[in-house]
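J.: What shape does this take:
(one chain, ligands or ions: 2)
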Amino acid sequence: MTLTNGDMAIMPKPNEELLSTEQLLHAQTHIWNHLFSFINSMSLKCAIQLGIPDIIHKHGKPMTLSQLVDALPIVKSKSQYIHRLMRGAPLTVAPLVLLILDPILTKPWHYMSKWLTDENGDVTPFETAYGTTFWEHAGNEPRFNSLFNEGMSSDARLVLNVLLRDWKHVFDGIELLVDVGGGNGTTAKAIIDEIPGMKCVVLELPHVVAGLEGNENLTYVGGDMFETIPPADAVFLKWILHDWNDEDCVKILKKCKDAISPKNGKTGGGKVIIIDMVLDIYKGDDDDKSKEDQLFFDMAMMAYLNGKERCENEWADLFIAAGFTTYKICPAFGVRSLIEVYP
Ligand SMILES: C[S@@+](CC[C@H](N)C(=O)[O-])C[C@H]1O[C@@H](n2cnc3c(N)ncnc32)[C@H](O)[C@@H]1O
Ligand SMILES: O=c1cc(-c2ccc(O)cc2)oc2c(O)c(O)ccc12
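T.: Ligands and ions are numbered 1, 2, ... in the order given. Down below sits the predicted model:
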């Protein structure tokens, strides 16, 4: 842009000359911070691959760096590098770190701009990278299938621990629950172990439940939630709806409504229990980090699946479009909420 002052044209200076030294250096630090923040994640991945969390856990008391180095399966001449790895990021749930940082899930991020600029009809960067959808890829690649299911299972253990400790009453009056997209059954097993008399059905894609054996309280059904959801007193949807666009979510919710309909002879809760994010609703003392976490997930749902994270109004629109009348949201799990939806 050229500004004019009377007859004289005033050319803007190149940007860097408009900045003070302090601003310029601050800008560089800021960019470096974004650019290199993946090193936190990669250091975390390496620490988990070396078994560092388990070694420290098994030690049972504070461990010095040299004790840790002695216990590690590393080439001893490379011991000097371990202290540099260990002054990095805090540790988290290992299978999820290995999932998110696996090359299968880092590749689609390299295709984000190609996806946005090519008229190739791909619905996600994941499809641009692989030519198949996320769920097709999981069905075709056994290693990715088990990596994904193990990751989800570790998350389910953590969330169910909180749900059954602090929010168990949401299951009051429910005798038969169907966990739609319930993975390998970690959620269902935690519920039936904790609530006497409860029976659970896990509805999942056939490649996920192939070879899994149920028992008298747990049944695995290979199927498609867009076709039929088995009848039950209540439907459980943990991290399902954020995978899908609005149109698909309404289809899934309508199938849930059919499944809990009184015509199926069920008398219990008659509700859908959802665990998912509600944007800008979270519990915790670090709101900037919580907000950023929610936006990371929104980006991930865009990169991998045709999904998104939603604010309360967007959730309400889905519930109304699927024929539900009321809902209740509690920010029960940090950046994720417990949502109960009633016909
Ligand atoms: C993000 S994972 C959530 C897994 C589990 N609910 C949890 O939170 O631990 C979504 C799940 O939906 C399943 N899924 C995808 N499409 C499905 C369909 N059409 N019918 C049933 N399940 C489906 C996937 O296989 C996957 O396990
Ligand atoms: O690839 C993922 C990873 C997650 C995920 C990340 C961190 C956690 O503490 C839990 C889970 O969740 C996903 C998800 O919900 C999804 O629908 C697809 C992919 C992933």
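J.: Stretch 119-130 and ligand 2 in contact?
T.: No. Between stretch 119-130 and ligand 2, judged by Cβ under 6 Å from any ligand atom, nothing touches; the nearest distance is 9.7 Å. For every residue, glycine as well, the C-beta is placed using N, CA and C.
J.: in that stretch, what counts as buried?
T.: 122, 124-130 (16 or more other Cβ atoms under 10 Å).
J.: mean confidence for that stretch?
T.: The pLDDT scores in stretch 119-130 average 93.
J.: What's the local residue count around Val235?
T.: Look at Val235: counted by other Cβ atoms under 10 Å, it has 31 neighbours.
J.: before we move on, the earlier item: quick one: which of the buried residues of stretch 119-130 is nearest to Gly270?
T.: Among the buried residues of stretch 119-130, Thr124 lies closest to Gly270 (Cβ to Cβ), at 34.8 Å.
J.: these two touch, right, the closest one and Lys308?
T.: No. Checked against Cβ atoms under 8 Å, the pair Thr124 and Lys308 is beyond contact range at 11.5 Å.
J.: Which phi and psi values does the residue in the chain positioned nearest to ligand 1 adopt?
T.: Closest contact between the chain and ligand 1, by Cβ to the nearest ligand atom, is at Gly181 (2.8 Å). When read as degrees, to the nearest 10, the backbone of Gly181 gives phi 70, psi 40.
J.: Can you name the residues that contact the closest residue to it other than its chain neighbours?
T.: Spatial nearest neighbour of Gly181, chain neighbours left out: Ile240 (4.5 Å); criterion: Cβ to Cβ, 6 or more residues apart in numbering. Neighbouring residues of Ile240 by Cβ atoms under 8 Å, 6 or more residues apart in numbering: 180-181, 225, 252, 274, 276.
J.: Got a quick ChimeraX command for the buried subset of those?
T.: Buried members of the contacts of Ile240, defined by 16+ other Cβ under 10 Å, are picked up in ChimeraX with:
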select :180,181,225,252,274,276
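J.: Need the contacts of Ile240 in CSV (columns: secondary structure).
T.: CSV is the format used below for the contacts of Ile240 (DSSP: H, G, I helix; E, B strand; the rest coil):
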residue, secondary structure
Val180, strand
Gly181, coil
Met225, coil
Ile252, helix
Ile274, strand
Asp276, strand
